[in-house]
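**Q** Have a look at this prediction, sequence included:
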Amino acid sequence: MKPVNINIQYVTRIEGHTNIVVTAREGKVETVRLEIPESPRFFEAMLVGKSYQEVADISSRICGICSIGHKLTSLKTTEAIMGIAPSAQTILLRKLLTNIGILQSHLFHYYFQAAPDYLGIDSIFPLAATDKDIILRILRLRKMANDICDLLAGRAVHPITPVLGGFTKLPAASQLQLAQDSLNEALPDLAATVKLFKTFAIPDFNQQTEYVALKDEKEYAFYDGNIASTDSGLTTPGDYLNSTDTSYVPHATAKLIRHDGHPVMVGALARFNNNHEQLSPLAQKAAQELSLTAPCHNPFMNNIAQVVESLHIVEDSIDLIDKIMTQGLEEEKPRINISGGRGVGACEVPRGTLIHDYTYDNNGKITQANIVTPTNQNQANIQQNLTTRVPQIIDKSPDYIKHHLEMLLRAYDPCITCATHLIELDIK
């Protein structure tokens with residue numbers, strides 16, 4: 001067999017810069033390496049010394065895709081430290097905003113980044129000439145999600161209205177009704193999305209994996225819950241350090257997180273495996289149509305799980321708006337008593353469980369911060385999947401191997417910018 005030398009710089013259609021290196025001689029694999037050369041951004045260091053009033057806004061800038069998740073997780077963390085209990089109204093609005101933020105990202109990923117792999121094209125844009133209906137569907141769905149984010153958060157990216165204990169501006173009932181109408185109008189487009197993805201040939205690759213996600217007894221958990229593992233059960237967000245191991249590798253500027261010393265997967269597939277029984281009726285129907293059943297150990301099915309979650313999000317958001325309009329909205333002025341201490345907050349963001357861990361002094365300034373992002377948690381499992389998969393396809397052409405491994409990485413919907421916010425230096 002000819003030697004195999006693959007060096008993908010950079011993998012396209014993901015957020016950030018990532019390389020994949022593979023070498024083999026005489027059919028024997030020598031190297032499989034996931035490299036992350038993205039410049040580190042030091043967000044945790046940036047937070048040190050900042051006032052509690054600034055922290056959530058700074059945190060949301062970690063990522064333009066997950067900005068809603070970072071801001072709400074940051075607010076929850078500070079609220080836990082300062083004893084701020086958001087009202088039922090605020091919780092409902094935050095859950096709705098969380099839903100739509102995840103939907104924004106899912107739509108972009110599985111249509112713009114993942115779908116071209118299955119449609120045999122390099123990007124989604126050639127469909128403007130060959131299948132305009134798909135492009136128009138994408139634009140309608142994205143506009144719907146962006147408009148609702150703009151209504152709730154003040155703008156579609158980097159939210160400004162959510163603050164400690166509440167919101168600076170509340171939507172009018174008439175605006176919520178229009179948002180609900182647009183969610184109902186999106187259901188046929190999502191049904192067409194299910195029909196399209198049902199035609200995709202998903203690679204058959206299964207690897208036994210531990211899946212981690214938030215879990216709540218009352219609902220499919222996005223905004224709140226304990227940390228659930230398909231292998232080891234439940235733990236509270238505040239105890240995450242007891243099962244979290246942080247390490248570094250020379251070829252990555254992102255910290256690598258393992259749970260109890262071994263890789264895990266977070267994200268849509270992890271949420272599905274932990275919480276599938278709590279999906280909405282339309283989402284459960286979509287899962288059945290798309291042959292997604294729990295437990296599923298095929299990482300390529302993460303994109304299918306994102307489609308299923310999209311149906312759930314729309315149905316759940318329609319119900320949330322009903323609840324909000326039934327109880328009515330009132331202006332609130334939460335009281336904040338500045339205090340110090342340590343707190344941990346966790347939310348689900350598009351790519352999985354996000355954890356913020358802050359320590360404040362008695363003047364309300366950060367003295368220490370730790371942020372655990374989904375891609376940090378997925379990194380070890382991606383490496384393990386690549387290492388397992390390469391020997392199975394090493395007899396294929398280099399172009400096939402390259403494309404297949406890119407597909408596998410893209411299936412995780414990695415956010416490299418979120419992951420590269422800390423690097424450990426050994427200065428001598």
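**A** Noted; the coordinates are in hand.
**Q** so residue 303 makes contact with residue 411?
**A** Yes - the pair residue 303 and residue 411 passes the contact test of CB atoms under 8 Å, sitting 5.7 Å apart. Glycine gets a C-beta too; all of them are placed from N, C-alpha and C.
**Q** Overlap in contacts, these two.
**A** residue 114 (CB atoms under 8 Å, 6 or more residues apart in numbering).
**Q** Show the contacting residues for the closest residue to residue 224 other than its chain neighbours.
**A** Excluding its sequence neighbours, the residue lying closest to residue 224 (CB to CB, 6 or more residues apart in numbering) is residue 216, at 6.1 Å. By CB under 8 Å, 6+ apart, residue 216 lies in contact with 224-226.
**Q** count of residues packed around the residue nearest to residue 159 when sequence neighbours are not counted?
**A** Leaving out its chain neighbours, the residue that sits closest to residue 159 by CB to CB, 6+ apart is residue 153, at 3.3 Å. Other residues lying near residue 153 total 25 when counted by other CB atoms under 10 Å.
**Q** what pLDDT does residue 153 get?
**A** Predicted confidence (pLDDT) for residue 153: 97.
**Q** now what about stretch 36-51, what contacts it?
**A** 10, 16-19, 55, 58-59, 61-62, 251-254, 358, 364-371, 379, 416-417, 419-423.
**Q** Filter those down to the buried ones and express that as a ChimeraX selection.
**A** Buried members of the contacts of stretch 36-51, defined by 16 or more other CB atoms under 10 Å, are picked up in ChimeraX with:
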select :16,17,18,19,55,58,59,62,252,253,254,358,364,365,366,369,370,371,379,416,417,419,420,421,422
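**Q** can you tell me which of the contacts of stretch 36-51 are in helices?
**A** Assigned to helices by DSSP state H, the following of the contacts of stretch 36-51 qualify: 55, 58-59, 379, 416-417, 419.
**Q** Which two among the residues you listed are spaced furthest apart?
**A** Among the ones in helices among the contacts of stretch 36-51, the pair separated by the greatest distance (CB to CB) is 55 and 379, at 25.5 Å.
**Q** re the thing from before, pLDDT wise, what is the residue nearest to residue 224 at?
**A** Taking residue 216 on its own, its pLDDT is 97.
**Q** and it, what are its phi and psi?
**A** Phi and psi for residue 216, reported as degrees, to the nearest 10, are phi -130, psi 130.
**Q** Spit out the contact partners of residue 367.
**A** Here residue 367 is in contact with 48, 359-361 (CB under 8 Å, 6+ apart).
**Q** now do residue 20
**A** Residue 20 touches 6-8, 11, 33-35, 386, 402, 405-406, 409, counting by CB under 8 Å, 6+ apart.
**Q** try residue 13
**A** Contacts of residue 13 by CB under 8 Å, 6+ apart are 112-114, 116, 123, 406, 410.
**Q** Are any of these buried, and if so which?
**A** The neighbour count (16+ other CB under 10 Å) marks 113-114, 116, 406, 410 as buried among these.
**Q** Tabulate those residues (a markdown table), appending secondary structure, distance to residue 182 and pLDDT.
**A** Supplementary listing: the buried ones among the contacts of residue 13 in a markdown table, determined by DSSP: H, G, I helix; E, B strand; the rest coil; distance: CB to CB, whole Å; pLDDT from 0 to 100:
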| residue | secondary structure | distance to residue 182 | pLDDT |
| --- | --- | --- | --- |
| 113 | helix | 24 | 96 |
| 114 | helix | 24 | 97 |
| 116 | helix | 27 | 97 |
| 406 | helix | 34 | 97 |
| 410 | helix | 29 | 97 |
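**Q** Of the contacts of residue 20, which is the nearest to residue 266?
**A** residue 409 (15.2 Å).
**Q** ranges for the helices of the chain?
**A** 43-47, 52-60, 67-82, 88-107, 115-119, 127-130, 132-153, 173-197, 268-275, 281-289, 302-327, 374-393, 398-411, 416-419.
**Q** Ranking those by mean neighbour count, which comes first?
**A** Of the helices of the chain, the one with the most neighbours on average (mean count of other CB atoms under 10 Å) is helix 268-275, at a mean of 27.
**Q** That one packs against which elements?
**A** Here helix 268-275 is seen to pack against strand 212-215, strand 226-229, helix 302-327, strand 352-360 when contacts are counted using 3 or more CB pairs under 8 Å, 6 or more residues apart in numbering; DSSP states H and E.
**Q** which residues are in contact with the second one?
**A** When contacts are taken as CB under 8 Å, 6+ apart, the neighbours of strand 226-229 outside the stretch itself are 210-216, 234-237, 240, 259, 264, 274-275, 346, 353.
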